[in-house]
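A.B. asks: Let me see the structure of the following:
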Amino acid sequence: MVTTIQLNENVKKRLNELKNSGNETYEDVIVNLISKVDNDKRKKEQLLIEGCKEMYEDMLKISKEWESTLMDGLDKNEKWEELEKEI
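C.D. replies: Alright, predicted model coming up:
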């Protein structure tokens with residue numbers, strides 16, 4: 001089914017500029033734009049996933065470093081008392 005849409009003149013001019021050849025239709029241009037947007041979205045999602053994985057690895061590394069330092073020299077039987085603040 002073919003549908004007609006209305007476009008402002010400036011949009012039509014811009015679509016003409018995006019044509020790769022004189023034989024390319026407006027539909028071809030729009031389909032290519034949609035495909036590009038979809039590809040860009042997938043790339044951004046992949047970069048976000050990779051970034052989260054790197055952050056997780058860094059956080060895990062830092063956590064492990066702190067895990068080993070927190071227990072250094074602490075007596076398991078030592079009891080800590082809360083200090084009262086003087087006013």
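A.B. asks: The one residue sitting closest to the centre of the chain: which element?
C.D. replies: A centroid search over the chain (C-alpha atoms, centre = their mean) returns L48, at 3.4 Å, as the residue closest to the centre. In this structure, L48 sits in helix 26-70 according to DSSP states H and E.
A.B. asks: Now do that helix: distance to the chain's middle.
C.D. replies: 5 Å (C-alpha atoms, centre = their mean, to the nearest Å).
A.B. asks: so what secondary structure elements neighbour that helix?
C.D. replies: helix 9-18 (3 or more C-beta pairs under 8 Å, 6 or more residues apart in numbering; DSSP states H and E). Yep, even glycine has a C-beta here, placed from its N, CA and C like the rest.
A.B. asks: Mind listing what's buried along the helix it packs on?
C.D. replies: Across helix 9-18, burial judged by 16 or more other C-beta atoms under 10 Å covers L15.
A.B. asks: Now do that helix, average pLDDT.
C.D. replies: For helix 9-18, the mean per-residue pLDDT is 95.
A.B. asks: swap in stretch 41-60?
C.D. replies: 96.
A.B. asks: What residues sit buried inside that stretch?
C.D. replies: Going by 16+ other C-beta under 10 Å, stretch 41-60 has no buried residues at all.
A.B. asks: still on that earlier bit, who's in contact with the residue nearest to the centre of the chain?
C.D. replies: Residues in contact with L48 (C-beta atoms under 8 Å, 6 or more residues apart in numbering): none are found.
A.B. asks: gap between it and K36?
C.D. replies: 19 Å (C-beta to C-beta, to the nearest Å).
A.B. asks: and if you look at Q46?
C.D. replies: In terms of C-beta to C-beta, Q46 sits 16 Å off from K36.
A.B. asks: Then M55?
C.D. replies: Distance from M55 to K36, by C-beta to C-beta: 28 Å.
A.B. asks: Q6 now?
C.D. replies: On the measure of C-beta to C-beta, Q6 and K36 end up 24 Å apart.
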